[in-house]
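> Sequence below, structure please.
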Amino acid sequence: NGQMFVMGGVDMNSETIVDTYALNAAGDAWIPKGRMPSERAGGCAVADGTNIYFYGGAISAASAPENSMFVMNTLAGSGNGVWRTVASGTVTPTAVMNCAAVVVGRKVLIFGGGTGAQGTSPTGLIQSFDIAGDKWDPPLSSPSVITPRSGLSAVLLNGFVFLIGGSTDGGFSPSSTAKAEAFDIVSQAVIPVADMPTRRFGLGSVTDGSSVFSVGGVISTGGFFTSLEKLHTV
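From the prediction side, this is the model:
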């Protein structure tokens, strides 16, 4: 709806927060929005155009991750947005933090993430949330398993979800990885693609419709990475 949302995280005092803000369409002001049901840091979030889906994360920096799914209707509450917690169902998702999420059709797919505090003990699971049914599906099974990692990024492009970077043990160095994989939406197979030039954790990735661009994150030596790297997919 022409706005960019940020939510949760850790403030300057190392306190986990519940706040949500949106950058207006003009890009010149941050607007407070509805607060999340609980504090969260290190969750993964994705939008389907109206709703924002926020999964996992931890209540504090030292605590184990949660397995709650929060959903915000960005149009409710007179445009301020209203959050709710998805009710428990027959399938219990695996609690993770520092995961990656995309919307594919009417599913939210959650990739990887750490099952321990601070994103340690990464998993290779691909978890699926059914938007229409408002419930979790059983996790995808082999060959739908990625290289276990947390702090990765995910981009949907041309029928594939590209999964880039991350950490293979939840730490910054030397476990940050340059690995890239593609999840085929039709076959549900995970396919290796060319590694990034620089391995890193906690990066962001976007697409222009033909290529994938990755920026930021923590490099293998523990410093922050500012350069932009591009994956040609065609």
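> Please make it C-alpha for all contacts and neighbour counts, starting now.
Will do.
> quick one, what contacts Gly2?
Residues near Gly2 by CA atoms under 8 Å, 6 or more residues apart in numbering: Asn24, Ala25.
> From Asp208, how far off is it?
17 Å (CA to CA, to the nearest Å).
> helix, strand or coil for the residue of the chain positioned farthest from its centre?
With distances taken from the mean C-alpha point of the chain and given as CA atoms, centre = their mean, the most distant residue is Ser78, at 27.3 Å. Put simply, Ser78 is coil when judged by DSSP: H, G, I helix; E, B strand; the rest coil.
> next SSE after the least confident helix or strand in the chain by mean pLDDT?
Least confident helix or strand, the chain: strand 218-219 with a mean of 83, by mean pLDDT, DSSP states H and E. Downstream of strand 218-219, the first helix or strand assigned by DSSP states H and E is strand 228-232.
> Could you list every helix and strand that that following strand packs against?
Helices and strands touching strand 228-232, by 3 or more CA pairs under 8 Å, 6 or more residues apart in numbering; DSSP states H and E, are strand 211-215.
> contacting residues around the strand it packs on?
Looking at what lies outside strand 211-215 - CA under 8 Å, 6+ apart - the contacts are 155, 203-207, 225-234.
> please redo it, this time with the cut-off set to 10 Å
By CA atoms under 10 Å, 6 or more residues apart in numbering, the surrounding residues in contact with strand 211-215 are 153-157, 162, 164-165, 196, 200, 202-207, 225-234.
> Kindly provide the distance from the residue most central in space within the chain to Leu75.
By CA atoms, centre = their mean, the chain has its centre lying nearest to Ala100, at 2.7 Å. Distance, Ala100 to Leu75, using CA to CA: 24 Å.
> same question, Ala45
17 Å.
> out of the two, which sits in the busier spot?
Ala45 (23 against 13; other CA atoms under 10 Å).
> pretty sure the more buried one is in a strand, no?
Yes: counting by three-state DSSP, Ala45 is part of a strand.
> could you list every residue that touches it?
5-7, 52-56, 69-71, 99-103, 108, 110.
> out of the residues you listed, which are inside strands?
Among those, the members found in strands (DSSP state E) are 5-7, 52-55, 69-71, 100-103, 108, 110.
> Could I have the buried ones of those residues as PyMOL selection syntax?
Buried residues within those, by 16 or more other CA atoms under 10 Å, are selected in PyMOL with:
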select buried, resi 5+7+52+53+54+55+69+70+71+100+101+102+103+108+110
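> for the ones in strands among the contacts of Ala45, which one is nearest Ala178?
The nearest member of the ones in strands among the contacts of Ala45 to Ala178, counting by CA to CA, is Ala100 at 15.7 Å.
> Where does pLDDT dip in this protein?
171-174, 220-222, 234 (pLDDT under 70).
> That one: helices as residue ranges?
In the chain, no helices are defined using DSSP state H.
> about what we covered before: contacting residues around the residue nearest to the centre of the chain?
43-46, 55, 109-113, 126, 150-155, 163-164, 166, 204.
> Kindly recompute the last result at 6 Å.
For Ala100, the contact set (CA atoms under 6 Å, 6 or more residues apart in numbering) comprises Cys44, Ile110, Phe111, Ser153, Ala154.
> Can you get me the start-to-end distance on stretch 47-63?
Stretch 47-63: ends 26 Å apart by CA to CA.
> Show me how far that stretch is from its chain's centre.
Taking CA atoms, centre = their mean, to the nearest Å, one finds stretch 47-63 lying 8 Å from the centre of the chain it belongs to.
> residues in contact with it?
16, 39-46, 65-74, 95-97, 117.
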